[in-house]
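Enquirer: quick check, what structure comes out for this input:
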Amino acid sequence: MTALPPRDIPARQLLRALYDAAVARAQAAQVLPAHLPPPPAKGRTVVVGAGKAAAAMAQAVEAAWPASAPLSGVVVTRYGHIPPQVSTATQRIRILEAAHPVPDAAGVAASQQILQAVQGLTADDLVIVLMSGGASSLLVLPVDGVDLEAKRRINQQLLHSGAPIDAMNCVRKHLSRIKGGQLAAACHPARVLTLAISDVPGDDPATIGSGPSVADPSTCAEALAIVEQYRIDIPPAIRQAWASGLLETIKPADARLAQCETRVVAAPWQSLQAAAAVAQAAGYTPYLLGDNIEGESREIGRMHAALALSCAQRGQPFQTPCVLLSGGETTVTVAPRAAHEPRGKGGRAAEFCLGLAQGLAGGQTDAVGIWALAADTDGIDGSEDNAGAFVTPDTLQRARQQGLRLEQYLARNDSYSYFAQLGDLLVTGPTHTNVNDFRAVVIV
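Expert: From the prediction side, this is the model:
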């Protein structure tokens, strides 16, 4: 096929190509094999892991591992996130499924099997831990005093609170018997190599999946402060245990972590760079705004809108044609609602797009030519079936023609319904990786 001349690619098609490049850069089959160590000389190799990319990562390990070398293990991924080819490609690593983002009993059973898989190891053995986004909800092994229902309620409150991911994970670690380095401690004295696909700002291994195989510097006191700040209801017994420090996680100086190593094999910045290369080839100058942008999704959308309008109308701070690329993990604080009011649908990517469209109101015209896509790189925005949504130069005009009032949809956090009625949802299905939010704004 003959390549299109620069800027002859339709903006919407370009946005999809940028997203696809970002996702492809984070696929386990591409990034993981180079980080695999040789099999141990005497011991066995056990693979455990969790996350939305766990099945694809397990497949990559098994495909690259010598057939003659011992290999066993178990990983857990989200329902529906097993690539079609994995069922026939993985023979030695069991793949389980559980619920995300709200845990279920299958997650508890999977966590128990993962801990069982690393029992009785020796210094001759190797444990390969596969971590990716979503692991924190999939690895569910509550401390005494917290049953699954209580854990689900706390998790649901955290998801609706607007708390940043590191705060949520601090609370999760101190309610768990497997997070916060406790999986690594269970592997002692074996060597532990964690291979992680990062979905968190800063790529901190202690935050990816709540760090089950790395030391945890956070404390019970910090977890208590977080639940008080965000008004999270926890059982009185847990509040007392945190106040006394009885549920502390594994700290950096713990001798059981001496043989532990962590490598981040794919990260948001690398995916943004891959998208930038596609933009450059299409004749647009790419500008990477950062891979660790946090804050309320709608507010980050408005910020991107102001920047895009300045570029389009004044050529500042960037000359057009250009593409603004960013990543990170924004949050959505769910608005209170009456008992009879239905809860809106949509995740942080689509809510970013609502904020962006609102920010463009009054300045956006067909002549300005601002197009945008925000999507989660795992293919699922929140708990709906879309990865994200598009914003086009005529989004607001088409919405008004259909009687859709953007402010009403924002007020009830119903971004999914807004863009569904416009035909502007991006639906990809699970991508089998996860390097968090992806945002691209094309200014022609």
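Enquirer: C-alpha only now, for contacts and for neighbours.
Expert: Fine.
Enquirer: residue 354: what's it in contact with?
Expert: 298, 301, 406, 410, 415 (Cα atoms under 8 Å, 6 or more residues apart in numbering).
Enquirer: need those in a markdown table with neighbour count, can you?
Expert: Output for the contacts of residue 354, formatted as a markdown table (neighbours: other Cα atoms under 10 Å):
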| residue | neighbour count |
| --- | --- |
| 298 | 27 |
| 301 | 26 |
| 406 | 18 |
| 410 | 18 |
| 415 | 28 |
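Enquirer: tell me which two of these sit farthest apart.
Expert: Farthest pair in the contacts of residue 354 (Cα to Cα) is 301 and 406. Separation: 13.6 Å.
Enquirer: mind checking how far residue 398 is from residue 333?
Expert: 27 Å (Cα to Cα, to the nearest Å).
Enquirer: got it, and residue 132?
Expert: Taken as Cα to Cα, the span from residue 132 to residue 333 is 24 Å.
Enquirer: returning to what we had before: now distance to residue 30, pLDDT and secondary structure too, for the contacts of residue 354, in a markdown table please.
Expert: Shown next, in a markdown table, are those (distance: Cα to Cα, whole Å; pLDDT from 0 to 100; DSSP: H, G, I helix; E, B strand; the rest coil):
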| residue | distance to residue 30 | pLDDT | secondary structure |
| --- | --- | --- | --- |
| 298 | 34 | 96 | helix |
| 301 | 32 | 97 | helix |
| 406 | 41 | 95 | helix |
| 410 | 39 | 94 | helix |
| 415 | 34 | 96 | helix |
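Enquirer: with respect to residue 283, which of those is nearest?
Expert: residue 301 (24.7 Å).
Enquirer: pick out the least confidently modelled helix or strand of this protein, by mean pLDDT.
Expert: Lowest on mean pLDDT, DSSP states H and E among the helices and strands of the chain sits helix 86-89, with a mean of 58.
Enquirer: please identify the helix or strand for residue 186.
Expert: helix 182-187 (DSSP states H and E).
Enquirer: now that helix: mean pLDDT?
Expert: Taken as a whole, helix 182-187 has an average pLDDT of 98.
Enquirer: contacting residues around it?
Expert: 115, 118-119, 121, 127, 192, 212-214, 249-250, 256-257, 260.
Enquirer: against which helices or strands is the following helix or strand past that helix packed?
Expert: Sequence order places strand 191-197 as the next helix or strand after helix 182-187, per DSSP H and E. In this structure, strand 191-197 packs against strand 126-131, strand 260-266, with contacts taken as 3 or more Cα pairs under 8 Å, 6 or more residues apart in numbering; DSSP states H and E.
Enquirer: now the helix or strand just after the longest one and strand 191-197, what's the angle there?
Expert: Following strand 260-266 in sequence order, the next helix or strand is helix 268-281 (DSSP H and E). Inter-element angle recorded for helix 268-281 and strand 191-197: 40 degrees (by axes from the mean of the first three to the mean of the last three Cα atoms, to 10 degrees).
Enquirer: what residues sit buried inside helix 268-281?
Expert: 268, 269, 270, 271, 272, 273, 274, 275, 276, 278, 279 (16 or more other Cα atoms under 10 Å).
Enquirer: mind checking how far the fourth one is from residue 83?
Expert: If I follow you right, that is residue 271. 20 Å.
Enquirer: next: the third one.
Expert: Counting by Cα to Cα, the gap between residue 270 and residue 83 amounts to 23 Å.
Enquirer: one more: the last one?
Expert: Applying Cα to Cα, the value for residue 279 to residue 83 is 28 Å.
Enquirer: next one: residue 342
Expert: Relative to residue 83, residue 342 is positioned 34 Å away (Cα to Cα).
Enquirer: looking at these two, which one has more neighbours?
Expert: residue 83 (14 against 10; other Cα atoms under 10 Å).
Enquirer: touching, the more buried one and residue 56? I think so.
Expert: Yes. Between residue 83 and residue 56 there is a contact at 6.6 Å, judged by Cα atoms under 8 Å.
Enquirer: shared neighbours of these two, which are they?
Expert: Common contacts of residue 83 and residue 56 (Cα under 8 Å, 6+ apart): residue 432.
Enquirer: check contacts around residue 237.
Expert: So residue 237 contacts residue 145 (Cα under 8 Å, 6+ apart).
Enquirer: now swap in residue 358 and tell me
Expert: Counting by Cα under 8 Å, 6+ apart, residue 358 has contacts 302, 406.
Enquirer: strands along the stretch 201-350 of the chain, start to end?
Expert: 260-266, 285-293, 322-328 (DSSP state E, counting those that start in this stretch).
Enquirer: just to revisit the earlier point, I'd like to know which elements whichever helix or strand comes after the least confident helix or strand of the chain is packed against.
Expert: Downstream of helix 86-89, the next assigned helix or strand under DSSP H and E is strand 93-98. For strand 93-98, the packing partners by 3+ Cα pairs under 8 Å, 6+ apart come out as helix 54-64, strand 72-78, helix 105-117.
Enquirer: what are the pairing partners of strand 93-98, and which direction each?
Expert: strand 72-78 (parallel) (DSSP bridges).
Enquirer: what comes into contact with the strand it pairs with?
Expert: 45-55, 58, 92-100, 107, 110, 113-114, 117, 130, 134-135, 138-139.
Enquirer: how close does residue 180 sit to residue 344?
Expert: Taking Cα to Cα, one finds residue 180 at 33 Å from residue 344.
Enquirer: which intervals of the protein have sub-threshold pLDDT?
Expert: 1-8, 86-90, 337-341, 362-368 (pLDDT under 70).
Enquirer: domain map for it?
Expert: Using automatic domain parsing, the domain parsing of the chain gives 11-24+269-443, 28-141+176-215+250-266.
Enquirer: and the end-to-end length of the last one?
Expert: Spelled out, that is domain 28-141+176-215+250-266. 8 Å.
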